[in-house]
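A.B. asks: missing the sequence, but the structure's below:
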């Protein structure tokens, strides 16, 4: 089994920054692609960003390109999401996720992520 624990959410004013962290345990972290998704009230869960096993490739939703940066530290079994220039429409619960198969990379496919964290709330005030 894989356990994912997010942290770093909170309340921030528009234009501000937050860094989310996701600590993983339970398997070889470096062998699996990781992603961040978010879900706002009344909306479906949506892709935010993903990163390959080695970090050599990163993908982003158009809505966050140029503002968010995903990174990982395989030595610490942790993936990060640096969020800058936050907007009220970024308000959501943010989830960290791990893909189910080693070496696979389907960045925005929700069904390819087999393990999910509990989520962390991000609220951006205008």
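C.D. replies: Alright, I've got the coordinates. These numbers come from a predicted model, not from an experiment.
A.B. asks: please make it C-alpha for all contacts and neighbour counts, starting now.
C.D. replies: Will do.
A.B. asks: what's near enough to touch the residue nearest the centre of the chain?
C.D. replies: Centroid check for the chain by CA atoms, centre = their mean gives residue 36 as the closest residue, at 2.1 Å. Counting by CA atoms under 8 Å, 6 or more residues apart in numbering, residue 36 makes contact with 47-50, 81, 94-97.
A.B. asks: is it true that it lies in a helix?
C.D. replies: No. Assessed with DSSP: H, G, I helix; E, B strand; the rest coil, residue 36 is strand; it does not lie in a helix.
A.B. asks: can you tell me the closest non-neighbouring residue to it?
C.D. replies: The spatially closest residue to residue 36, leaving aside those adjacent along the chain, is residue 96, at 4.7 Å (CA to CA, 6 or more residues apart in numbering).
A.B. asks: pull up the gap between the one you found and residue 13, please.
C.D. replies: Residue 96 sits 23 Å away from residue 13 when distances are taken as CA to CA, to the nearest Å.
A.B. asks: looking at the two, which is more packed in?
C.D. replies: It is residue 96, of residue 96 and residue 13, that has more neighbours when counted by other CA atoms under 10 Å, with 31 against 14.
A.B. asks: my read: the more buried one touches residue 4, true?
C.D. replies: Yes. The pair residue 96 / residue 4 is scored as a contact, 7.0 Å apart, by CA atoms under 8 Å.
A.B. asks: anything in contact with each of these two?
C.D. replies: 22, 116-117.
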